[in-house]
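Q: Kindly generate the corresponding structure for this input.
(chains A, B and C)
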Amino acid sequence: MFIEVLEILFLFLTAVMVAYLVRHYIFTLAVLKNSQKKKANPSFESTIYKPTVSVLIPARNEERVIGRLLQRMTELAYPKDRLQVIVIDDASRDETGKIAEQYSKAYNYIKVIHRSEREGGRGKASALNAGLRYADGEVVLCFDADYYPQRDIVEKLVKEFADPKVGAVQGRVVVLNEPQNLVTRLVSLERIGGYRVDQEARDKLNLITQFGGTVGGFRRQLLEKLGGWDGQMLAEDTDLTFRVYLAGYKVKYVLDAECYEEAVDSWRAYWKQRYRWAKGHMQCAFKYSLKLLKSDKLTFAQKIDGILLLNVYFMPIIVLVSWIVGIPLFVLKFSQWLSPFWAAMLISMYSVVGNFAPFYEVSVGTYLDGRTHAQWLIPLLVFAFLYNIPICTKAFLDLLFSKLTGKVGNHWEKTTHSGNGNSYIIKLLNH
Amino acid sequence: MDALQAVVSNLLQVVGEALQALLVFNILFICMFFPLDGSLKRKMAILATGNIFCLILNMLFSMFAVILDASMGDFSKALFAVLSPLFNLLWIVSFWSVSLTFLARSKHGG
Amino acid sequence: MIPSPNLLSMITVFFGILFFLILTFLPSIVELKKPKDPGPRIIVEYDHIYLSDLENRKSEDGELKANVSILGEIVAILTFLPDLES
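A: Down below sits the predicted model:
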């Protein structure tokens, strides 16, 4: 009886992994097919559509990077009389506020909001909501302080709002400090897989395109109607994504709206960041899974994709559990109705083919980007994946513990930016 | 003739043992590699090379399984059944990543 | 109960696995030691002229301003039209 229960559990876990495997392959093939098509001309309406835009930049102790971004804001090609830049100095203890003030004095479209220690430091969502109160643009865009966008990124993002069904937009993130060390190079590969293939495929297949929290934005009216960012959620971007879709709008991904980011450069920082993402995603999974299935505003495919997206950070845990269950099952020998051959096939499927899919996604992404040797590091993503297993497991256990005990432990662990990306900007400008 | 028959028989045995890995490698490679831009000749050459690698490596894996089986008995079969797909994953991903470089060169006329 | 393996066979297997892992990760090791493609990827800045650059330029010449706005309309129409060469 015990063996049969383990077999059923193992089959279920394998089925979940096969679902993600199929999803990865569909995405990769969709992007490959789309890359062969000629790029469509933008519509006339989108070309002339130039709404007023408010750019929100939440910043807490970002003195090493904020100046670079604000300088870039002054270089944006978007008409300055239709642009408003709002820096939210979120109770910074360094020179962030002073640097922002200097720009505010020199440029009338740049505004700084200083939050005190008492009101600030409660996370990005809180800071963004504070900034939203001062935003008067039709469109609200967000950039993290360590980002460095294209000069024409605003035009590329806002033109999508010419379509009334678009409630939010998301641009592409490119890692700036990629050459720095192994961590940054692996993170860059993950970003390529996520933005060049995953997001692009979801957009082309009309599935759930995710707002990533930065290099993107919303219609201000919709954002206000939805109540802004939810400060209780660690993944406030994922939370908003699903609220947008459940309200009957969609998120549009703009592949050629690109922005550099400074990736985490140590395994410790990687852990903290991914832990926050994993826990936040899991919170959203508990909050939205049922709502998603019941919604009449989404297609069947969107519901399936939404469920898979919400639960993606459970995947490393599922792989771990399937190893724990599968290996002893094989050693102890299966019961009569599941022959060793099929058992071997199942084990092969989840450990070989199932884990191949994300590697292929990243590979195709690097290839489409015209990279020649970056993909040689892809085998090392195995270690990154293995590292994600304890991260996601801890996130799940902490979330479970907080739900059972009623203790809300959503402490926002801010990613520290070293400013190492500055040297790469100088190199790129001299390129 | 007997020698030739023995060689063919051994080869068939190796192919049989590597069948699962060969199947996975070829299906994935054809689905994922061939749609990419690049010289068809180069793709075919890379696919053929990959198949040879697959046969050689799985033959080596089988030899190790025999060595382990002599020492550890049934437990080695379970260990091999679990580790073999993981080893195949590692070399296929590595092979795939290097193949992309060769294909990219053909795309750029290299 | 796992039987104790023969020492020689275990050494053979150990070095075999080690050699296999080194071979598998060799491309990664080579790229890390002597990176030929370390990035970052160059982002294409912008692929068309921004009229806002012309519009923002201070000019007391009314004709220039009128020409700029007409040019803006023409560019918008041209962007909308299909590529006739395709």
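Q: Under the pLDDT cut-off, which ranges of the chain? List them.
A: Unless you meant another one, I'm taking chain A. Within chain A, the ranges that satisfy pLDDT under 70 run A:38-47, A:330-356, A:407-420, A:422, A:426-431.
Q: look at chain C instead
A: Applying pLDDT under 70 to chain C flags the ranges C:1-6, C:44-86.
Q: The same query, at a cut-off of 80, please.
A: By pLDDT under 80, the low-scoring segments of chain C are C:1-10, C:13, C:44-86.
Q: By residue count, tell me the biggest helix in it.
A: In chain C, ranked by residue count with DSSP state H as the criterion, the top helix is helix C:7-33.
Q: and that one, is it in reach of chain A?
A: Yes - counting by C-beta under 8 Å from any C-beta of the partner chain, chain A is contacted by helix C:7-33 at C:24-25, C:27-28, C:30-32. (C-beta placed from N, C-alpha, C; glycine too.)
Q: From those, list just the buried residues.
A: Buried by 16 or more other C-beta atoms under 10 Å in any protein chain shown: C:24-25, C:27-28, C:31-32, out of the residues of helix C:7-33 next to chain A.
Q: which residues of the stretch 51-200 of chain A fall in strands?
A: Applying DSSP state E, counting those that start in this stretch to the stretch 51-200 of chain A gives strands spanning A:53-59, A:83-90, A:110-115, A:139-142, A:148-149, A:166-175.
Q: Generate JSON lines for the ones you listed, with mean neighbour count and distance to chain C as supplementary columns.
A: As requested, the strands of the stretch 51-200 of chain A are exported to JSON lines (neighbours: other C-beta atoms under 10 Å in any protein chain shown; distance: least, C-beta to the nearest C-beta, whole Å):
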{"stretch": "strand A:53-59", "mean neighbour count": "26", "distance to chain C": "13"}
{"stretch": "strand A:83-90", "mean neighbour count": "25", "distance to chain C": "10"}
{"stretch": "strand A:110-115", "mean neighbour count": "20", "distance to chain C": "16"}
{"stretch": "strand A:139-142", "mean neighbour count": "25", "distance to chain C": "16"}
{"stretch": "strand A:148-149", "mean neighbour count": "24", "distance to chain C": "9"}
{"stretch": "strand A:166-175", "mean neighbour count": "26", "distance to chain C": "5"}
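Q: For chain B, which of these is the nearest?
A: Relative to chain B, the nearest member of the strands of the stretch 51-200 of chain A by C-beta to the nearest C-beta is strand A:166-175, separated by 18.3 Å.
Q: A:Pro79: which of the buried ones among the residues of helix C:7-33 next to chain A is nearest?
A: Taking C-beta to C-beta as the measure, A:Pro79 lies nearest C:Glu31 of those, at 44.0 Å.
Q: about what we covered before: TSV please, covering the buried ones among the residues of helix C:7-33 next to chain A and showing distance to chain B.
A: Output for those, formatted as TSV (distance: C-beta to the nearest C-beta, whole Å):
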residue	distance to chain B
C:Thr24	5
C:Phe25	7
C:Pro27	5
C:Ser28	8
C:Glu31	9
C:Leu32	13
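Q: which residue is nearest the centroid of chain A?
A: Nearest to the mean C-alpha position of chain A, counting by C-alpha atoms, centre = their mean, stands A:Gly212 at 3.8 Å.
Q: Can you give me every residue that contacts it?
A: By C-beta atoms under 8 Å, 6 or more residues apart in numbering or on different chains, A:Gly212 lies in contact with A:170, A:173, A:237.
Q: Disregarding flanking residues, what is the spatial nearest neighbour of the second one?
A: Spatial nearest neighbour of A:Val173, chain neighbours left out: A:Glu261 (5.0 Å); criterion: C-beta to C-beta, 6 or more residues apart in numbering or on different chains.
Q: what are the bridge partners for the one you found, then?
A: Assessed by DSSP bridges, A:Glu261 has beta-bridge partners A:Val175.
Q: And for it, the neighbour number?
A: Residues lying near A:Glu261 (other C-beta atoms under 10 Å in any protein chain shown) number 24.
Q: Tell me the buried residues in stretch A:127-144?
A: A:127-132, A:135, A:137-144.
Q: Name the nearest of those residues relative to A:Ala106.
A: Within the set of those, A:Phe143 lies nearest A:Ala106; the separation is 19.0 Å, counting by C-beta to C-beta.
Q: before we move on, which element is A:Ala395 in?
A: Element membership for A:Ala395 (DSSP states H and E) is helix A:381-405.
Q: residues of that helix that come out buried?
A: In helix A:381-405, counting by 16+ other C-beta under 10 Å, buried: A:381-382, A:384-385, A:387-388, A:391-393, A:395-396, A:398-399.
Q: and these near chain B, which?
A: Near chain B, by the rule C-beta under 8 Å from any C-beta, you find A:Val382 out of the buried residues of helix A:381-405.
Q: ok, so of the buried residues of helix A:381-405, who is nearest chain B?
A: The closest of the buried residues of helix A:381-405 to chain B turns out to be A:Val382 (C-beta to the nearest C-beta; 7.0 Å).
Q: shouldn't that closest one be in contact with B:Phe87?
A: No - with contact defined as C-beta atoms under 8 Å, A:Val382 does not reach B:Phe87; the gap is 11.6 Å.
Q: what about the residue nearest the centre of chain B, which helix or strand?
A: Central residue of chain B (C-alpha atoms, centre = their mean): B:Cys54, 1.6 Å from the mean position. B:Cys54 is part of helix B:40-72 when elements are defined by DSSP H and E.
Q: List the buried residues of that helix.
A: Using 16+ other C-beta under 10 Å as the test for burial, helix B:40-72 gives B:43, B:46-47, B:50-51, B:54-55, B:57-59, B:61-62, B:64-65, B:67-69, B:71-72.
Q: filter those residues down to the ones close to chain A.
A: Counting by C-beta under 8 Å from any C-beta, the subset of the buried residues of helix B:40-72 that neighbours chain A is empty.
Q: still on that earlier bit, gap between the residue nearest to the centre of chain A and chain B?
A: A:Gly212 sits 26 Å away from chain B, taking C-beta to the nearest C-beta, to the nearest Å as the criterion.
Q: What is the nearest of the buried residues of stretch A:127-144 to chain C?
A: Checking those against chain C with C-beta to the nearest C-beta, the nearest one is A:Phe143 at 14.5 Å.
Q: unless I'm mixing things up, the closest one is touching A:Val55, no?
A: Yes - counting by C-beta under 8 Å, A:Phe143 touches A:Val55, with 6.3 Å between them.
Q: Tell me which residue of the stretch 1-150 of chain A lies closest to chain B.
A: Going by C-beta to the nearest C-beta, chain B is nearest to A:Leu32 of the stretch 1-150 of chain A, at 4.7 Å.
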